[in-house]
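In: here are the coordinates; sequence isn't available:
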Ligand SMILES: O=C(O)c1cc(=O)[nH]c(=O)n1[C@@H]1O[C@H](COP(=O)(O)O)[C@@H](O)[C@H]1O
């Protein structure tokens, strides 16, 4: 079954478009978990237990797992999320030359969807795009301040680079498996890109810790009700000062974000 059909079902089941970002910064893991063999896994397990009822997906960012213990923690995390019936979107921002990207794309045997980088062009994304079951979210207008450095540049055609990316993504969506990453910190661009590509679901990061616009994230992020609004630190570290109560606080934060976003959903 196509990823976006599965996501549609998941969104209906939990009545939520919240993507819970699993970015377990080791310096912020509560002290009482540090004695575990894999503190990031111990942390994520408790976060998953507390938030899964409100999670349309879990989105681990690969950057937080790039060492041997991290790989083990990520493997456990993915399996546990799947055990709870929650799809996993790996935020890896991948893409490379053909033979390399073919190896990268093998990760789609393990996760349900991935973020990819369009900078190297179509062939660098082809093995991801060819996977009919998986979701492929292409970076379009990112939420960080430097997002404007390249993405806002005007091309000779008069369009901005991010508009060109949206147009290409639409073209590359032959398997109905493509979405765009558009940050909530630039609501005007969100609106503009939604008008340009009405059918592509967006992953909208940047609400919560980055202060993005939650209403715009819903108004423009969803295509036919399908899309994702991510918060990572705002959920997983909501109970940072609460010791063993940290996970319960995360559960509350995920529920609050779900309710806030649901106010704007039709
Ligand atoms: O691809 C992403 O998910 C992403 C794109 C983007 O433009 N901005 C952005 O913040 N993200 C990711 O979304 C998450 C945001 O985390 P918080 O700011 O803690 O909610 C991080 O994992 C970022 O890497």
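Out: Received, thanks. The structure presented is a predicted model; accordingly, all values stated were derived computationally and were not measured.

In: can you list the residues of the stretch 51-200 of the chain near the ligand?
Out: For the stretch 51-200 of the chain, the residues in contact with the ligand under the definition CB under 6 Å from any ligand atom are 61, 91, 115, 142-144, 181, 183. The C-beta positions use only the backbone N, C-alpha and C, and glycine is treated the same way.

In: filter these down to the ones in helices?
Out: Among these, no member falls in helices (criterion: DSSP state H).

In: which among these count as buried?
Out: Members of these that pass the buried threshold by neighbour count (16 or more other CB atoms under 10 Å) are listed as 61, 91, 115, 142-143, 181, 183.

In: the strands in this structure, which residues?
Out: Using DSSP state E, the strands found in the chain span residues 18-22, 57-60, 89-94, 113-116, 135-141, 178-182, 202-204, 228-231.

In: turn these into TSV, including mean pLDDT.
Out: Compiled in TSV, the strands of the chain are given as follows (pLDDT from 0 to 100):
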stretch	mean pLDDT
strand 18-22	98
strand 57-60	99
strand 89-94	98
strand 113-116	98
strand 135-141	98
strand 178-182	98
strand 202-204	98
strand 228-231	98
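
In: output those strands in TSV, with distance to residue 158 appended to each entry.
Out: Supplementary listing: the strands of the chain in TSV, determined by distance: least, CB to CB, whole Å:
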stretch	distance to residue 158
strand 18-22	33
strand 57-60	34
strand 89-94	28
strand 113-116	26
strand 135-141	17
strand 178-182	20
strand 202-204	23
strand 228-231	31
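
In: out of these, flag the one nearest residue 243.
Out: Nearest to residue 243 among the strands of the chain is strand 18-22 (20.3 Å), distances taken as CB to CB.
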